[in-house]
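Novice: How does the following fold in three dimensions:
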Amino acid sequence: MLGALTEKMHDLFSKLSGKKKLTEENIAEAVSEVRLALLEADVNYSVAKILVKRVKEKVLGEEVIKSVAPGQQFIKIVHDELVALMGGTEQALNLQGKPAILMLCGLQGSGKTTHCAKLANYLRKHKKCRHPLIAACDLQRPAAIEQLVVLGKQINVPVFTVPGEMDPVKIARAALAKAIQEDHDLLIVDTAGRLHIDTELMDQLERLKNTLNPAEVLFVANAATGQDAVTVAAEFNKRVAVTGTILTMLDSNMRGGAAISIREVTGKPLKFEGIGEKMDDIQPFNPQSMADRILGMGDTINLVRKAEEHINEEDAKKLEQKLRTATFTFDDYLKQIQMVKKMGSLKSLMGMMPGMSALKNMDFNDKEFFKVEAIIQSMTPGERLGKNELSVPRRKRIACGSGTTIDDVNRLIKSFKNAKQFFKNMPNMKTLEKLMGGTQWR
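Specialist: This next block holds a predicted model:
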């Protein structure tokens, strides 16, 4: 996401890195380019103006002028101001109440219904709730209820509906009664969207809010709509006092100015972001993470979260010990591949790594993972553990059994042997720690 903005910022910082010091002239030029990049990314004009003003004021400070690396200082200032503009810190959901009630609102096509299910799935998975219930109160869009029921079955979360009822307020009231009766600790309410803001929609939302008294009223905005999403969010906020925003479609190749603008315009925090079509493709919005991505610095915050979610600490320690002693096997290699696959596509993971974000546009073929898995799984238990020699006839048999070629098998075995040799030739940990100034290699 935000590809064009990231590219322009990267080009600008590359120019500045060659400067010995920042002068008023090159500062003015750099600030002008930042402003242009923001406006082309569809950042709200007044928000772009505020950001540029803050950056210019800080860059013109004496401390920065005397900096040893002025280009890096400029990058840091832009980064810090972006973080501040988007709220500074990650904002948690308010889940007070029994049940805690979350009401989602937004225009038609923003991804509201899908994100009701995504949010329920995320909160239960991360133990923020135990027994969620979703209420289908979108009676305007054809098949909205059916869609929510299908999504609910997919994540094993019940969806409350009242067939034939045409008043969403009555459905919401009945859903709340059911949630209390059946000890649901979370109620997520889907509401009707429109292709434009109208009085009927807003009146309906106000009545729903007054009936439910939700802990959170979350505006769902499609990031691809740019400034329009910000304008609409402000209108919704005036009528129903939204408490936060969920920004969807952040995985698309859109200009994405809404991510930067919406917090400043509405005064309400961004709380979640949708990053794909799968039910797991949702994550808390983190201003630091977003600023990192905008400036092409990767996304270590969410990369670490993915790792913590999918990597077993005990298994990681065992693997570390095997790496230290160069005793890891094909079975260990297979486990690591399967673990990485759970974290997402190789392309998306590369985009999260600092300095590697440009590689996300390359054609990484995740099918190679399946090929390696097939080769290892076609080995005997003894071969996987390194007890039996992989002779040429066995390699041919493994290639045949895995649906690959003998060259594929040879490449895997060669890379595996090279990795083992690398770790064998490494100095022992104490020597390594001394070479690294006493730091622990972890």
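Novice: Ramachandran angles for the residue of the chain most remote from its centre?
Specialist: In the chain, counting by CA atoms, centre = their mean, residue 393 sits farthest out from the average C-alpha position, at 46.2 Å. When quoted as degrees, to the nearest 10, the phi and psi of residue 393 stand at phi -60, psi -40.
Novice: distance of it from residue 406?
Specialist: 11 Å (CB to CB, to the nearest Å). Any C-beta I mention is one placed from the backbone N, CA and C, and that applies to glycine too.
Novice: Spit out the residues that contact those two alike.
Specialist: With contacts taken as CB atoms under 8 Å, 6 or more residues apart in numbering, not a single residue reaches both residue 393 and residue 406.
Novice: so the residue nearest to residue 166 when sequence neighbours are not counted, which of the three states?
Specialist: Take residue 166 and drop its neighbours on the chain: the residue closest to it by CB to CB, 6 or more residues apart in numbering is residue 139, 6.1 Å away. Residue 139 falls in the coil class when you classify it by DSSP: H, G, I helix; E, B strand; the rest coil.
Novice: In this structure residue 139 contacts residue 191, no?
Specialist: No. With contact defined as CB atoms under 8 Å, residue 139 does not reach residue 191; the gap is 9.4 Å.
Novice: picking that back up, what distance do you get for the residue farthest from the centre of the chain to residue 25?
Specialist: 72 Å.
Novice: Break down the stretch 251-400 of the chain into its strands, ranges please.
Specialist: Ranges of strands in the stretch 251-400 of the chain, per DSSP state E, counting those that start in this stretch, are 270-274, 282-284.
Novice: Please tabulate the ones you listed in JSON lines, including the columns distance to residue 174, mean neighbour count and mean pLDDT.
Specialist: Below are those laid out as JSON lines (distance: least, CB to CB, whole Å; neighbours: other CB atoms under 10 Å; pLDDT from 0 to 100):
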{"stretch": "strand 270-274", "distance to residue 174": "27", "mean neighbour count": "23", "mean pLDDT": "91"}
{"stretch": "strand 282-284", "distance to residue 174": "27", "mean neighbour count": "20", "mean pLDDT": "91"}
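Novice: from the chain's centre, how far out does stretch 194-207 sit?
Specialist: The chain centre lies 30 Å from the centre of stretch 194-207; the measure is CA atoms, centre = their mean, to the nearest Å.
Novice: wait, I meant stretch 369-379
Specialist: Chain-centre distance of stretch 369-379: 30 Å, with CA atoms, centre = their mean.
Novice: and it, what's its mean pLDDT?
Specialist: Averaged over stretch 369-379, pLDDT sits at 88.
Novice: contacts for that stretch?
Specialist: Contact with stretch 369-379 is made by 330-331, 333-334, 337-338, 340-341, 346, 384, 390, 397-399, 401-404, 408-409, 412, as judged by CB under 8 Å, 6+ apart.
Novice: try stretch 395-408
Specialist: Applying CB under 8 Å, 6+ apart, the set of residues contacting stretch 395-408 from outside is 371, 374, 375, 377, 378, 379, 383, 390, 409, 410, 413.
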